[in-house]
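[1] Compute the structure for the input listed below.
(chains A and B)
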Amino acid sequence: EAQVTQNPRYLITVTGKKLTVTCSQNMNHEYMSWYRQDPGLGLRQIYYSMNVEVTDKGDVPEGYKVSRKEKRNFPLILESPSPNQTSLYFCASSLEGLSTEAFFGQGTRLTVV
Amino acid sequence: AQKVTQAQTEISVVEKEDVTLDCVYETRDTTYYLFWYKQPPSGELVFLIRRNSFDEQNEISGRYSWNFQKSTSSFNFTITASQVVDSAVYFCALSEASGTYKYIFGTGTRLKVLA
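    Below you'll find the predicted structure:
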């Protein structure tokens, strides 16, 4: 089954404790990205990747890192999480860049206390 | 600048009523793509439809229909004979063929269908 898998689904952590949210897709998509969803703001892009070893900042990259060492994986790293990073996070991938629809993971609800 | 506006924050209807969700977009690209996604209470994002800027044909899929009008930069979504299962947040999104490497989302419209 074609899918984008994120883990964990839910996470509560403390300020400053490094964490990684994993994202994996099994569709051989080149384009992958991370979004955060906040009430009243819709989804905003954090980082994106056009291919292996090619990543770039989105609209709200501060406090986040990503890597793309393999085509299927695109982890999101929060080196020192802060309460303003409490949000719902989505990983997405698409087949032909942005001309086709994005497939989204199930979402990761992160709470930083 | 690129932008997607969903002016309706929340809509409530009674089951079997028709409802239209509005989406207005801004882009300077001549080639672009428009999408609708559904986010049910369980939280996942479900793809509903994609349209490219050269295809202004309206589309119908069961109770769902979409009206794309370049003249007014709108891509509206109508649910006919709404059902409780249609209750969700609906997002309209835009992507461009050049420049920005992202899907630009509206802020979403929360639809509540009351039994």
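[2] Those residues of chain A touching chain B, which are they?
    Neighbours of chain B within chain A, by CB under 8 Å from any CB of the partner chain: A:31, A:33, A:35, A:40-45, A:48, A:50, A:56, A:58-59, A:88, A:90, A:92, A:97-104, A:106-107, A:109. C-beta coordinates here come from the backbone N, C-alpha and C atoms, glycine included.
[3] Tell me the residue of chain A that sits nearest chain B?
    residue A:98 (3.7 Å; CB to the nearest CB).
[4] element containing the nearest residue to residue A:64 once chain neighbours are set aside, please.
    Spatial nearest neighbour of residue A:64, excluding adjacent residues (CB to CB, 6 or more residues apart in numbering or on different chains): residue A:46 at 5.2 Å. Per DSSP states H and E: residue A:46 is located in strand A:42-51.
[5] what's the following helix or strand after that strand?
    Strand A:42-51 is succeeded, C-terminally, by strand A:54-57 (DSSP H and E).
[6] Outside of the next helix or strand after that following strand itself, list whatever touches it.
    Per DSSP H and E, the first helix or strand lying C-terminal to strand A:54-57 is strand A:65-66. Contacts to strand A:65-66, defined as CB atoms under 8 Å, 6 or more residues apart in numbering or on different chains, come from residues A:34, A:46-47, A:49, A:55, A:74-79.
[7] what's the burial count for the closest residue to chain A within chain B?
    Using CB to the nearest CB, the closest approach of chain B to chain A is made by residue B:95 at 3.7 Å. Residue B:95 is flanked by 26 other residues according to other CB atoms under 10 Å in any protein chain shown.
[8] do the same with residue A:7
    Residue A:7 has 14 nearby residues by other CB under 10 Å.
[9] One more: residue B:9?
    Residue B:9, neighbours per other CB under 10 Å, totals 10.
[10] ok, it - contacts?
    B:107, B:109-110.
[11] Check those for burial and list the buried ones.
    Buried positions within the contacts of residue B:9, assessed by neighbour count (16 or more other CB atoms under 10 Å in any protein chain shown), are B:107, B:109.
[12] Three-state assignment for residue B:71, please.
    Per DSSP: H, G, I helix; E, B strand; the rest coil, the secondary structure class of residue B:71 is helix.
[13] count of residues packed around it?
    Around residue B:71 there are 6 residues (other CB under 10 Å).
[14] same thing with residue B:92?
    Residue B:92: 28 neighbours (other CB under 10 Å).
[15] wait, it sits on residue B:107?
    No: using CB atoms under 8 Å, residue B:92 is not in contact with residue B:107, being 9.5 Å away.
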